[in-house]
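Asks: just to be clear, the model below is a prediction. Sequence and coordinates:
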Amino acid sequence: METKLKALTGVILGAALATLQAPAAAQAPWPDKPVTMVVPYSAGGPTDVVARMLAIPMGKSLGQTVIVENTVGAGGTIAPARVARAAPNGYTILIHHMGMATAPALYKKLSYDPLKDFEYVGQVLDVPMTLLSRKDFPASNFQELLAYVKTHKDKVSLANAGVGAVSQLCGLLFTSQIGVELTTVPYKGAGPALNDLMGGQVDLLCDQTTQTAPVIKEGNRVKVFGVTTPQRLSTMPNIPTLDEQGLKGFDVRVWHGVYAPKGTPPAVIDKINAALRMALQDPVVKQRLADLSSEIVPMDKVTPEALRSHLTAEVAKWGKVIRAAGIQGE
């Protein structure tokens, strides 16, 4: 009898202990395994480069490896769709550029809503753009450029990296503000477009400084008429902005943000945000981004609220431009 009583007592105590331990197990510290950062574009591209820069210092902060995974296709829309469907536990996150804002207007059938299907972590950085021409273009400054394109209109060719590319959107905003239709020439990527510009096959191109800065600094392969940010670039301070030259409010930056699936717990978002902020203040990261003429956003923009507000404004801004131009992604 005594033996049975001891056994029964042991079972009861074991069950009680298991009950007490269950909540503790369920509340294990996050993260307890690697985090995957999904990139919508191929390895080696600008967004991938940024992701890999951030992954190591973010991993150190989180105490787990941050794995960069490229999920390419459909103009950068496959990756956001994948992350939107992922478990909302913080182990799958997304880094994306302004394509998050342009996709709703570009694609009739989008399987996710950038404004409803994600939690926001924070903005990351801005990559400025420059307006260039072939080296023998018959204009030596921006005012001469405006006069020339307004006179010759669709006889002037404007290259871009393809439908939906940031270079196309920059060109659309430029032609929209000056009120002139130019002949657009789409390429399969920014590299071929820039090569043809330098070769004199096309007249104009608006593209990221990560592509154009080395060419501009050479000094004799293209003409540069302005940068697309409201302030001049510290890396190229002699180049005026398009805004100061008359295109008031002209602001095109290839901004990036970090996202998580809708429903990810606030405590997890806070940890990812803290890791992102630490990574952006890492001296090695800051120097490498500066070398690419990229600008880390102020820390007050590295917040969920700032990214949500910025994305909302950008969806409205680019939606108007894209619909007016009548372009559609494939």
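Replies: The structure has been received and is ready for your questions. The structure displayed is predicted, hence computed values, not measured ones.
Asks: what ranges does this structure have for its strands?
Replies: Under the criterion DSSP state E, the chain contains strands at 35-39, 66-70, 92-97, 118-127, 129-134, 157-160, 183-186, 204-208, 222-227, 254-261, 295-296.
Asks: quick one: the fifth one to chain centroid distance?
Replies: The one in question is strand 129-134. 21 Å (C-alpha atoms, centre = their mean, to the nearest Å).
Asks: and the fourth one, by the same measure?
Replies: A distance of 8 Å separates the centroid of the chain from that of strand 118-127, by C-alpha atoms, centre = their mean.
Asks: one more: the shortest one?
Replies: Once both centres are worked out by C-alpha atoms, centre = their mean, strand 295-296 turns out to sit 12 Å from its chain's centre.
Asks: quick one: contacts of that strand?
Replies: Applying C-beta atoms under 8 Å, 6 or more residues apart in numbering, the contact partners of strand 295-296 are 124, 125, 126, 127, 128, 229, 233, 280, 286, 289. C-beta: built from backbone N, CA, C; applies to glycine.
Asks: and the third one, how many residues sit next to it?
Replies: Which is residue 126. Residues lying near residue 126 (other C-beta atoms under 10 Å) number 20.
Asks: nearest spatial neighbour of it, skipping sequence neighbours?
Replies: Closest residue to residue 126 apart from its sequence neighbours, by C-beta to C-beta, 6 or more residues apart in numbering: residue 253 at 3.8 Å.
Asks: the one you found: neighbour count?
Replies: 23.
Asks: pop out the phi and psi values for it.
Replies: Main-chain torsions, residue 253, degrees, to the nearest 10: phi -130, psi 140.
Asks: so where is this protein shaky, pLDDT-wise?
Replies: Scanning the chain for pLDDT under 70 picks out 1-28, 329-330.
Asks: picking that back up, got JSON lines for the strands of the chain, with distance to residue 322 too?
Replies: Converted to JSON lines, those look like this (distance: least, C-beta to C-beta, whole Å):
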{"stretch": "strand 35-39", "distance to residue 322": "23"}
{"stretch": "strand 66-70", "distance to residue 322": "26"}
{"stretch": "strand 92-97", "distance to residue 322": "16"}
{"stretch": "strand 118-127", "distance to residue 322": "20"}
{"stretch": "strand 129-134", "distance to residue 322": "17"}
{"stretch": "strand 157-160", "distance to residue 322": "13"}
{"stretch": "strand 183-186", "distance to residue 322": "13"}
{"stretch": "strand 204-208", "distance to residue 322": "15"}
{"stretch": "strand 222-227", "distance to residue 322": "23"}
{"stretch": "strand 254-261", "distance to residue 322": "16"}
{"stretch": "strand 295-296", "distance to residue 322": "25"}
